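Peer 1: Coordinates for the following, if possible.
(2 chains)
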Amino acid sequence: MKKIGGVIISHGQVANELLAAAETVVGELGHIAAVSIGWHDDVETAKNEVARAIKKVSEGNGVLLLTDMFGGTPTNISAMFLEHSDVEIITGVNLPMVIKIASQNKEMTLSEMAQAVESQGKQAIYRASELLMPQKLKKDA
Amino acid sequence: MLKGQVVIINRLGLHARAAAQLVRLASGFQSKIKLIRTENSVIADAKSILNVLTLAASKGVKLEIEAEGEDEQAAFDAVQEIFKNGFGEL
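Peer 2: Numbers count the residues shown, from 1 in each chain, chains lettered A, B, ... in the order given. As a prediction, this is how the structure comes out:
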């Protein structure tokens, strides 16, 4: 089975640490890479690093680029790959999104995977007290 | 279909690594395996880690296990066992 590759791209060390956390949970992830862009890194250098990472994780079915924030440098650098590479970008990466890419058990197209990761990422945000302590919220209202 | 109840006994509850362990185990069976938190009617597919985590099952929480399929007995026993072992954290 060919997996969709994943590259997490962030400011600072967030990308590396998100990947490390996901690997702690589900085990080693050969089809996901992390690129942490330093605050003062040159754009060309960062772009080359992203290109290398895409090449490394690609199994031929496309690569999903997970960036930290829409409008930020990691997303803007990722956008340079949209035209000529088989990639999609999802912004606002969180740990559940990385785990979603990690646990692929059937072959999906890049577009299907992108949709699944986007909705997973949104669904995974909870105001936890609504679920766990609804009586407390009622009191505050 | 087999049904039964388990209680979370390890201190950290059904946290991410424990859930991953459960999902790896469950994925080895053909049967459909569901975990149900009856008090707030959350149902999770035991083969999906992100689904299992939505149970938010801390220590003391009771869950129903449901297994259905050709190997349901083995699946049910294995899943029940991992809960009884507290995910190896006792």
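
Peer 1: Residue numbers of chain A in contact with chain B?
Peer 2: Proximity of chain A to chain B, by C-beta under 8 Å from any C-beta of the partner chain, involves residues A:24-27, A:96, A:99-100, A:103, A:105, A:120, A:124, A:128, A:131-132. For every residue, glycine as well, the C-beta is placed using N, CA and C.

Peer 1: From the residues you listed, list the buried ones, please.
Peer 2: Neighbour-count burial (16 or more other C-beta atoms under 10 Å in any protein chain shown) is assigned, among these, to A:25-26, A:96, A:99-100, A:103, A:120, A:124.

Peer 1: before we move on, which element is the closest residue to chain B within chain A in?
Peer 2: For chain A and chain B, the shortest gap (C-beta to the nearest C-beta) falls at residue A:25, measuring 4.6 Å. According to DSSP states H and E, residue A:25 maps onto helix A:14-26.

Peer 1: strands paired with the helix or strand that that helix is followed by, and their directions?
Peer 2: Downstream of helix A:14-26, the first helix or strand assigned by DSSP H and E is strand A:32-37. If you go by DSSP bridges, strand A:32-37 pairs up with strand A:5-11 (parallel).

Peer 1: for residue B:55, what are its contacts?
Peer 2: With contacts taken as C-beta atoms under 8 Å, 6 or more residues apart in numbering or on different chains, residue B:55 has the following neighbours: B:14, B:35, B:37, B:42, B:44, B:61, B:63.

Peer 1: check contacts around residue 17.
Peer 2: Let's take chain A. Contacts of residue A:17 by C-beta under 8 Å, 6+ apart: none found.

Peer 1: um, chain B though
Peer 2: With C-beta under 8 Å, 6+ apart, residue B:17 has these contacts: A:24-25, B:87.
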